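Peer 1: Pasted the sequence and its predicted model underneath.
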Amino acid sequence: MTTAHSSSAEFFEKRILVTGGTKGTGEAIVRRLAAGGATVATTARSELPSGSAAKFFIQADLSTVEGTAQVAERVRQELGGVDILIHNVGGSKTPDGGFAAATEEFWQEELNLNLLAAVRLDRLLLPPMIDRRSGVIVHISSIQRRLPLHESTTAYAAAKAALSAYSKALSKELGPKGIRVNSIAPGWIYTSASEAMVKRLAATAGSDEETARQGIVTALGGIPLGRPAFPHEVAELVAFLASDRASAIHGAEYVIDGGTIPTV
């Protein structure tokens, strides 16, 4: 029996699609997998920034049926399919104000982006994996599936809870067909967007950035580790689950939140 190890060639000849890979955690995932020797494609609504490690980019809106179909078709044309699929795209635009602020439009947008984008893309790209009896899927969920912030992210949290349930169901169906399916539930990740939010909160309150950061930690109920996770730390977990080092890990969800959710 051989033992797999992390190396610069652990994803050699692997075709990987990372959704939402132009910034933040997605960009870190793209960079980490490319460093492992993969041919990485990514997609996002925003343009591809200079210096990206992605070999192939499709600018599209995965929250729509048409955008998802466009991405799947281009991936088939350019790469001949994928071996590993990382569903990272997500986010929330629902304004503050609780359940009343989450209108029908916001609910539809949150579900389309945070749940149905993955469902639709899986449906389009999974069949060749099943034929080969080989492949890996990783869904990026959120700890808000268990700790929703009712003021503004109820719809987002509900969509991520559904994504976790969907991922588990998919694992039961695809495991016997040779495809591993896992999910990751991050807590607060300190991306450039998070940093900008901290600056805005500090400016609004007339305080400093450290006070603003601690305010967010308090709102989350505390982070025992004392800090948020960084994008490269989430990317490392993704790389592990996508690699042969995790060949016996299937149908699981890994939380990376510095201890925000109490251990049961």
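Peer 2: Ah, there it is. For clarity, every value in this text was computed on a predicted model and none was experimentally measured. Residues are numbered from 1 along each chain as shown.

Peer 1: Report the contact partners of residue 115.
Peer 2: 159, 160, 162, 163, 166 (Cβ atoms under 8 Å, 6 or more residues apart in numbering). From N, CA and C alone the C-beta is placed, and that goes for glycine too.

Peer 1: Once you drop chain neighbours, what's closest to it?
Peer 2: residue 159 (4.5 Å; Cβ to Cβ, 6 or more residues apart in numbering).

Peer 1: Mind putting the contacts of residue 115 into TSV with pLDDT, distance to residue 232 and secondary structure?
Peer 2: As requested, the contacts of residue 115 are exported to TSV (pLDDT from 0 to 100; distance: Cβ to Cβ, whole Å; DSSP: H, G, I helix; E, B strand; the rest coil):
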residue	pLDDT	distance to residue 232	secondary structure
159	95	26	helix
160	96	22	helix
162	97	28	helix
163	98	23	helix
166	98	27	helix
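
Peer 1: Would you map the helices across the stretch 51-200 of the chain?
Peer 2: Assigned by DSSP state H, counting those that start in this stretch, the stretch 51-200 of the chain shows helices spanning 65-79, 104-111, 117-132, 154-174, 192-205.

Peer 1: mind listing what the closest residue to residue 252 other than its chain neighbours touches?
Peer 2: Ranked by Cβ to Cβ, 6+ apart and with sequence neighbours excluded, the top spatial neighbour of residue 252 is residue 182, at 5.1 Å. By Cβ under 8 Å, 6+ apart, residue 182 lies in contact with 137-139, 167, 171, 241, 246, 249-254.

Peer 1: Run a quick check on residue 223 versus residue 188, I expect a contact.
Peer 2: Yes - between residue 223 and residue 188 there is a contact under Cβ atoms under 8 Å: 7.0 Å.

Peer 1: intersection of neighbour lists for the two?
Peer 2: Listed as contacting both residue 223 and residue 188 by Cβ under 8 Å, 6+ apart are 217, 257, 258, 260.

Peer 1: can you give me phi and psi for the third one?
Peer 2: Backbone geometry at residue 258, expressed as degrees, to the nearest 10, gives phi 70, psi 20.

Peer 1: how near is the residue lying closest to it once chain neighbours are set aside to residue 26?
Peer 2: The spatial neighbour of residue 258 that comes closest, neighbours along the chain excluded (Cβ to Cβ, 6+ apart), is residue 225 at 3.3 Å. With distances taken as Cβ to Cβ, to the nearest Å, residue 225 is found 23 Å from residue 26.
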